[in-house]
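In: quick one, fold the following:
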Amino acid sequence: MTHTFETPDRAQWLRLWSALPAGPVKALAADLAGRYQVEDLALPQSGLGLLPLADSALGDTYFIGEIPLAQAHVRVTASQDQSIEGAATLVDDRAGVARAMAILDAVLAARLPGCETALQLLAQGETAVAEQSRQRRALLAATRVDFALLGTNEEDDDE
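Out: Okay, the predicted model is just below:
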């Protein structure tokens, strides 16, 4: 059975990989780092970032809280004439996961050998995201209230 998987936009890759357990993502990145030369362009970091929110009336920006943030920026070199950069910024506190996803990002963007497994992880991530969406829709449907039915019963308050 042949299954064709259309590659999602690059902007969605981190979201799809983030829907998976970190183990397979880190294992694939470690395998690819063994095949290619990986150079950190910025040290992988994790910490807290401020979450901004723009006021819709005046346009002022307010910071409503802190979120965990992990970042990584790498260059993957396959040969002397072929290198590609990859980056990842995640709402997560694990710098190692961000670095692993940055490596996958670079390898998949350049379509280097080994990117097939990264594509498989994207397909698994897409399935996981679809399941999460289905569960959220089911929860929303289960908690929906039809306010039109309120007050339709005529009750006698005189009794």
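
In: mind naming the longest helix for this protein?
Out: helix 115-142 (DSSP state H).

In: counting contacts, what elements does that helix pack onto?
Out: helix 10-18, helix 22-35, helix 95-110 (3 or more C-beta pairs under 8 Å, 6 or more residues apart in numbering; DSSP states H and E). C-betas here are computed from N, CA, C, even on glycine.

In: in stretch 120-140, what counts as buried?
Out: Neighbour counts over stretch 120-140 (16 or more other C-beta atoms under 10 Å) mark 121-122, 124-126, 128-129 as buried.

In: one more: stretch 87-103?
Out: In stretch 87-103, counting by 16+ other C-beta under 10 Å, buried: 87-88, 90, 92, 95, 97-103.

In: what's the farthest-apart pair in those residues?
Out: Largest separation among the buried residues of stretch 87-103 by C-beta to C-beta: Asp92 and Ile103, giving 15.7 Å.

In: flag the shaky bits of the chain, pLDDT-wise.
Out: 1-5, 151-159 (pLDDT under 70).

In: could you rerun that using 90?
Out: 1-7, 56, 59, 79-82, 114, 141, 143-159 (pLDDT under 90).

In: which ones are touching Gly114?
Out: 28, 31-32, 35, 107 (C-beta atoms under 8 Å, 6 or more residues apart in numbering).

In: who wins on neighbours among those?
Out: Val107 (27 neighbours; other C-beta atoms under 10 Å).

In: tell me who's in contact with that residue.
Out: 32, 36, 76, 84, 86, 114-115, 118.

In: closest to Gln45 out of those?
Out: Gly86 (15.6 Å).

In: can you report how many residues lie near the closest one?
Out: So Gly86, with other C-beta under 10 Å, has 25 neighbours.

In: what's the separation between it and Glu126?
Out: 20 Å (C-beta to C-beta, to the nearest Å).

In: ditto for Arg144
Out: Distance from Arg144 to Glu126, by C-beta to C-beta: 27 Å.

In: same deal with Leu43?
Out: 31 Å.

In: and the residue lying closest to Lys26 once chain neighbours are set aside, what does it touch?
Out: Leaving aside its chain neighbours, Lys26 sits nearest to Ala100 (4.6 Å; criterion: C-beta to C-beta, 6 or more residues apart in numbering). Listed by C-beta under 8 Å, 6+ apart, the contact partners of Ala100 are 22, 25-26, 28-30.
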